[in-house]
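K.L.:
I'd like to go over a predicted model; first the sequence, then the structure.
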Amino acid sequence: MSSSKKRGAFIVIEGLDRSGKSTQAATLVERLQAKHIAVQLQKFPDRTTTIGRMIDSYLRSESDLDDHTIHLLFSANRWELATSIEETLNAGTIILCDRYAFSGIAFSASKGLPFEWCRAPDVSLPAPDLILFLDITPEKAKERGGYGEERYEKEETQRKVRQIFGRMAEETAAQYEKSNHGRWVTIDASQSLEAVTADIWKVVEPFVEGLSGPIHRLWEGLDQP
Ligand code: Z5A
Ligand code: MG
């Protein structure tokens, strides 16, 4: 007896500061809702939880934390929402996620923490079915009104972060290809808003009807030959 019930796709939007993640996420949600497709927007950090409020205070430089501590808090913020993400996906709703574990690695590793150490706490989180990486140079991003007041919103940090995202793009694409699950797609985010929206839609469209396989686990089995 086979069930034809499908789950929702787990779609993550990643990218540098000012690459347009939140703008594109909002546009995509509107488009899906207009087509009566169930979708839920999730943003990380989720600043509404107790852990999220500690992160918010750190990002605004209202409190100081050791680099390891803040890294683990970002990861804990994802873990505290992991069960509800899985339940939502299994109920048939798409989750559109504005930043995820890839940002966690990129920003902490840019401060000098070892890459593998940064990845460890996020191993086994729900794995995205699709990662849309909005790529833009820090120079071009800066033209969009300059950087803000929060930590990390500096050109030099953004440059290092972009390098680490580049490494993750290669590794994740190779791993996803090997496991025959999921996709990492790099989008040129320096284009006009409309052009970026169109590129995103082309990649997202095949995912909107839902998926039949199980939700995968992030980076599990990575060390196995
Ligand atoms: N962080 C971390 O360290 N560890 C973690 O695990 C996680 C995060 C999850 C806060 O993130 C910080 O947390 C972040 C990483 C770190 N630090 N930095 N940098 P956040 O998500 O709250 O903040 P953000 O995403 O970095 O900033 P942002 O300003 O929200 O960027 P965005 O969402 O990518 O951009 P946007 O708001 O959609 O657009 C920015 C402006 O550009 C806006 O005026 C738009 O109208 C304009 N825009 C957008 N697209 C275009 C195009 N195509 N052309 C022209 N103008 C455009
Ligand atoms: Mg944003």
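P.N.:
It's in. If you're wondering where the values come from, they're calculated on a predicted model, not measured in any experiment. Ligands and ions are numbered 1, 2, ... in the order given.
K.L.:
pull the contacting residues for T137.
P.N.:
Each residue near T137 by C-beta atoms under 8 Å, 6 or more residues apart in numbering is listed here: R162, S190. Just so you know, the C-beta spots here come from the backbone N, C-alpha and C atoms, and that holds for glycine as well.
K.L.:
state the helix or strand in which M54 lies.
P.N.:
According to DSSP states H and E, M54 maps onto helix 50-59.
K.L.:
which strands or helices does the helix or strand following that helix pack on?
P.N.:
Counting by DSSP H and E, the element after helix 50-59 in chain order, helix or strand, is helix 67-90. On a contact count with 3 or more C-beta pairs under 8 Å, 6 or more residues apart in numbering; DSSP states H and E, helix 67-90 meets strand 39-43, helix 50-59, strand 94-98, helix 101-109.
K.L.:
with just CA atoms, put helix 67-90 into CSV.
P.N.:
Output of helix 67-90 as CSV, limited to C-alpha atoms (Å, rounded to 0.1, in the frame of the first residue of the first chain):
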residue,chain,number,x,y,z
ASP,A,67,33.1,33.7,19.9
HIS,A,68,32.4,30.0,20.7
THR,A,69,29.5,30.9,22.9
ILE,A,70,27.7,33.0,20.3
HIS,A,71,28.3,30.3,17.7
LEU,A,72,26.6,27.7,19.8
LEU,A,73,23.7,30.1,20.6
PHE,A,74,23.1,30.6,16.8
SER,A,75,23.1,26.8,16.4
ALA,A,76,20.8,26.3,19.5
ASN,A,77,18.4,28.8,17.9
ARG,A,78,18.1,26.5,14.9
TRP,A,79,17.8,23.3,17.1
GLU,A,80,15.0,24.8,19.2
LEU,A,81,12.9,25.2,16.0
ALA,A,82,14.0,22.0,14.2
THR,A,83,11.0,19.9,15.4
SER,A,84,8.5,22.5,14.4
ILE,A,85,10.2,22.8,11.0
GLU,A,86,9.9,19.1,10.4
GLU,A,87,6.3,19.0,11.5
THR,A,88,5.4,21.9,9.1
LEU,A,89,7.2,20.2,6.2
ASN,A,90,5.5,16.9,6.9
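K.L.:
contact residues of the protein facing ligand 2?
P.N.:
K21, S22 (C-beta under 5 Å from the ion).
K.L.:
picking up where we left off before, got the helices and strands packed on helix 67-90 as a markdown table, with mean neighbour count and mean pLDDT columns?
P.N.:
Output for the helices and strands packed on helix 67-90, formatted as a markdown table (neighbours: other C-beta atoms under 10 Å; pLDDT from 0 to 100):
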| stretch | mean neighbour count | mean pLDDT |
| --- | --- | --- |
| strand 39-43 | 17 | 98 |
| helix 50-59 | 17 | 98 |
| strand 94-98 | 23 | 98 |
| helix 101-109 | 24 | 98 |
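K.L.:
and those: which comes nearest ligand 1?
P.N.:
Nearest of the helices and strands packed on helix 67-90 to ligand 1, taken as C-beta to the nearest ligand atom: helix 101-109 at 3.1 Å.
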